Structure formats: C-alpha cells, structure tokens
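>>> sequence and predicted structure are below.
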Amino acid sequence: MNLETIKKIDSSGMYKIYDKWPEIGEEQYNSNLELIENSNPNHIVFTGMGGSGAISDLFSSILSKTNVHVDVVKGYVLPKTVDSKSLVVCTSISGNTVETLSTLEQAKEIGCNTIVFSSGGKILEMCKKDNIEFRKIPSYHSPRASFSSYLYSMLKVLNPVLPIYESDIIESIEEMKKLQKKICSKNLSNENPSIELAKWLPELPIIYYPWGLVSAAIRFKNSLQGDSKMRVVSEDVIEACHNGIVSWKKSSKIKPILIRGKDDFLKTKKRWEILKEFFEKEQIEYKEIVSSSGSILTKLINLIYLFDYSTIYKAVELKIDPTPVLSIKYIKNKIEQE
C-alpha cells in the first residue's frame, strides 16, 4: 500500500482528516466554546444517528462508570422517563437528521433543559426560532470523520454536568498523538497496526467486545459498513457465551475479532481465556485487539482511532472509495418524499 494509491481511491481525502484527529480534538477542547450551565440534571439523554449516534454511545460508555443516569436515543421518540429535570443533548452533524429533529421537538414540548450540537441546517433554524441552546461545531469531510471534532467540543461544553476529569481528557489526546505516529498515512509500513488489521480482516468479521467497550465495537462495525462497505456482526462476549458460541460448531468463513480492555473485569478476563481456548480447540482463526491503558475515555477513543483508520485502509485494499454512502442517501430521499 502506498500514498498514491490511497489518494487515488480515497479521492476526497478522508484519510487526511484522520491524520489530524488528535490536533482537531485538541483544538476544539481548547476553543472558546461557551460551557453549559450546571442544571444538576438527574437524567441525561443523548440523541443522534449515524456518526452523531456513535458519539452518544461513547458518552454512555464513559458515564456508565459514574452515578449519572444516561439514555441513548437512536430514533424518533424520547423515553417516558424524560421530564423537566432531564438534560437532552441532541447531536446532528449535518443538522438535518429527521430523527434528531423529532427528539428535539419533543424535548421542547416537555420543557426539559436541552442543548444542540451541529454544523447548521434545519436544526439551527429550529433552535433560533425556539430559543434553544445551540453550539455550532465545525464538520470535517463527513459526519464519520468529524467524530474527534464533536467529541472534544462536547466534552468541553458539557464539562459542568459531566463527572469526567480534565486530566483524563488531556491523557486521551496525548495517547492519540502517540497512536497517530503509528497509524497515519506517513507510516505505511507493515508495522502500522491499522494496516495490519485491515489486511487480516475477512469478508465477514464478527466483533466480540466486553460491555465497557461496546461503543468502540459499534463504531468499528459502523465504520466497516460505511467506509469498507462490508457486512459485519458484533456481539457482547459474555452474552455470546450463552448463545452465539454454539454457531461456531458449523464451519464458516467468518472470523472473530476480540476487543479486550486492558483492565477488563476479572471474570471477563477469565471468559476471554476460555473463549480463546475454545477457538483454538475448534481451529478457528481469531484476531485479538487490546486497548491502551488509562481512563475509559482514553481506551475508547484510541480503539476508535485505530479501527476507523483500518476501515479506510481496508477500503483502499478493496479498491472502494470510503466516502460515498449512496444507500443512506437513497433512504433519506425516500423519507423526504413522505
């Protein structure tokens, strides 16, 4: 794999944004974005779809380690538990996501505290009209590639209501910078872990993950689907041992990827060892990816960075432009006609 091939296939230069992910995140976190007032919410709901929804997943994973009650909505309807004391965080990078517009309308009707993150579009018009708190965040290339920009913007703005240490945020960026040197387009050697993973990926991978890293697994699945145009399956490792494990008794071209946390729960660590022993006994080839050390934020963003870049390299290997998502546009066009 060489840079000229990447430029030719990734013709709109998605890879260039990933080369700058740590710097983009750092710039947004150090920006002059206005912080939200601390309304002491008893419930935080993150709404968003696609690339915006992936950010919601990450916040849910991070906050699962705290006492904050969190819900993620990927759809049209807010949960019945939302009330005037709730904080609803709506993210639509494009600003035109119909499902997120629907949840924003409901939040307005309920009268709960609401904040919107977007680059503009219909959602900005709605916020201006109804005096809803809004933060305009720059979009880079596509919603998928804008993950770093939005994540660190939201970490800054939502800081007063999030029990997340600033040291963890700084650590996550510094670890990304270290990983950047290994996976970016300036290092296209076989020692690049994202390229190595891309070369290993089978036609149909199944991703196993522990509960704490579910957002990284979902993002990996979504990016493989969006960038590499591949079919992918993902499954919680503990749950798989009660159901999915049985399917391996039938021969298949599917290969498992094991996403392990550096500090997984003790019983989860034991389960990984049992699962690997089973795969080896059944002569099933698998790939193991272990997170970095550090906070849950550091683990997740660095796994996502590694995985996302691997999906671009996989697209290049398959001679597929990672940017177009024509099937999604087809669905959106049909919805607009309703």
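Yep, that arrived.
>>> for stretch 201-215, buried residues please.
For stretch 201-215, the neighbour count (16 or more other CB atoms under 10 Å) marks 201, 205-215 as buried. All C-beta spots, glycine's among them, are computed from the backbone N, C-alpha and C.
>>> lowest-confidence helix or strand of the chain?
Across the helices and strands of the chain, mean confidence by mean pLDDT, DSSP states H and E is lowest for helix 326-336: a mean of 83.
>>> gap between it and the chain center?
How far helix 326-336 lies from its chain's middle: 22 Å, per CA atoms, centre = their mean, to the nearest Å.
>>> and what of stretch 216-231?
Distance, centroid of stretch 216-231 to centroid of chain: 10 Å (CA atoms, centre = their mean).
>>> average pLDDT for that stretch?
Mean pLDDT, stretch 216-231: 96.
>>> what residue spans form the domains of the chain?
Structural domains annotated on the chain: 11-168, 170-317, as defined by automatic domain parsing.
>>> make CSV from those domains and add distance to residue 329 to it.
Listed next are the domains of the chain as CSV, based on distance: least, CB to CB, whole Å:
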stretch, distance to residue 329
domain 11-168, 12
domain 170-317, 12
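>>> show me the buried residues of stretch 201-215 that map onto helices.
214-215 (DSSP state H).
>>> just give me the closest of the buried residues of stretch 201-215 to residue 302.
Nearest to residue 302, judged by CB to CB, of the buried residues of stretch 201-215 is residue 213 at 11.1 Å.
>>> just to check, that closest one is in contact with residue 261?
Yes - in terms of CB atoms under 8 Å, residue 213 counts as a neighbour of residue 261; the distance is 5.5 Å.
>>> which neighbours do the two have in common?
Among the neighbours of residue 213, those also in contact with residue 261 (CB atoms under 8 Å, 6 or more residues apart in numbering) are 291, 299.
>>> helices or strands next to the longest helix that the chain contains in the packing?
Using DSSP H to define each element, the chain has its longest helix at helix 296-317. Here helix 296-317 touches helix 3-9, helix 14-19, helix 50-63, helix 147-157, helix 166-183, helix 193-200, helix 214-227, going by 3 or more CB pairs under 8 Å, 6 or more residues apart in numbering; DSSP states H and E.
>>> per-residue confidence averaged over it?
98.
>>> turn the buried residues of stretch 201-215 into TSV, including distance to residue 54.
TSV is the format used below for the buried residues of stretch 201-215 (distance: CB to CB, whole Å):
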residue	distance to residue 54
201	19
205	18
206	19
207	14
208	19
209	14
210	18
211	17
212	16
213	13
214	11
215	7
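>>> among the buried residues of stretch 201-215, which one sits closest to residue 178?
For the buried residues of stretch 201-215, the minimum distance to residue 178 (CB to CB) is 19.3 Å, reached by residue 213.
>>> what's the burial count for residue 3?
Number of residues near residue 3 (other CB atoms under 10 Å) recorded here: 11.
>>> also residue 332?
Applying other CB under 10 Å, we find 15 residues neighbouring residue 332.
>>> now residue 35
Applying other CB under 10 Å, I find that residue 35 has 12 neighbouring residues.
>>> which SS class is it?
Under DSSP: H, G, I helix; E, B strand; the rest coil, residue 35 falls in the coil class.
>>> can you pull the contacts of it?
Residues in contact with residue 35 (CB under 8 Å, 6+ apart) are 156-157, 159-160.
>>> ok, residue 42 - contacts?
Contacts here follow CB under 8 Å, 6+ apart; on that basis residue 42 touches 69, 85-86.
>>> so how far is residue 68 from residue 162?
According to CB to CB, to the nearest Å, residue 162 stands 8 Å off from residue 68.
>>> do the same with residue 184
34 Å.
>>> do residue 193 as well
With CB to CB as the criterion, residue 193 and residue 68 are 33 Å apart.
>>> those two: which is more packed in?
Counted by other CB under 10 Å, residue 193 and residue 68 do not tie: residue 68 has more neighbours, with 19 against 15.
>>> please name the nearest non-neighbouring residue to the more buried one.
The shortest distance from residue 68 to any non-neighbouring residue, by CB to CB, 6 or more residues apart in numbering, is to residue 44 (6.0 Å).
>>> mind checking what secondary structure that neighbour has?
strand.
>>> list the residues that contact it.
Neighbours of residue 44 in contact, by CB under 8 Å, 6+ apart: 59, 63, 68-71, 86-89, 161.
>>> ok, what's across the strand from it?
Beta bridges link residue 44 to residue 70, residue 87, judged by DSSP bridges.
>>> so for it, what's the pLDDT?
96.
>>> how much space separates it from residue 64?
12 Å.
>>> mutual contacts of the two, please.
With CB under 8 Å, 6+ apart as the test, residue 44 and residue 64 both reach residue 70.
>>> which of the three states applies to residue 272?
The three-state label given to residue 272 by three-state DSSP is helix.
>>> give the burial count for residue 163, as a bare number.
Quick note: residue 163 (other CB under 10 Å) scores 11 neighbours.
>>> restricting to C-alpha, output stretch 222-237 in PDB.
Taking Å, rounded to 0.1, in the frame of the first residue of the first chain, the C-alpha atoms of stretch 222-237 are listed here in PDB:
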ATOM      1  CA  ASN A 222     -20.400   1.100  11.500                       C
ATOM      2  CA  SER A 223     -17.200   2.200  10.000                       C
ATOM      3  CA  LEU A 224     -16.500  -1.100   8.300                       C
ATOM      4  CA  GLN A 225     -20.000  -0.900   6.900                       C
ATOM      5  CA  GLY A 226     -19.800   2.800   5.800                       C
ATOM      6  CA  ASP A 227     -16.100   3.000   4.700                       C
ATOM      7  CA  SER A 228     -15.300  -0.500   3.600                       C
ATOM      8  CA  LYS A 229     -18.900  -1.400   2.500                       C
ATOM      9  CA  MET A 230     -18.600  -4.700   4.400                       C
ATOM     10  CA  ARG A 231     -21.100  -6.800   6.300                       C
ATOM     11  CA  VAL A 232     -20.300  -7.100  10.000                       C
ATOM     12  CA  VAL A 233     -21.700  -8.700  13.100                       C
ATOM     13  CA  SER A 234     -21.000  -7.600  16.700                       C
ATOM     14  CA  GLU A 235     -21.800  -9.400  20.000                       C
ATOM     15  CA  ASP A 236     -21.200  -8.900  23.700                       C
ATOM     16  CA  VAL A 237     -18.600 -11.500  24.700                       C
END
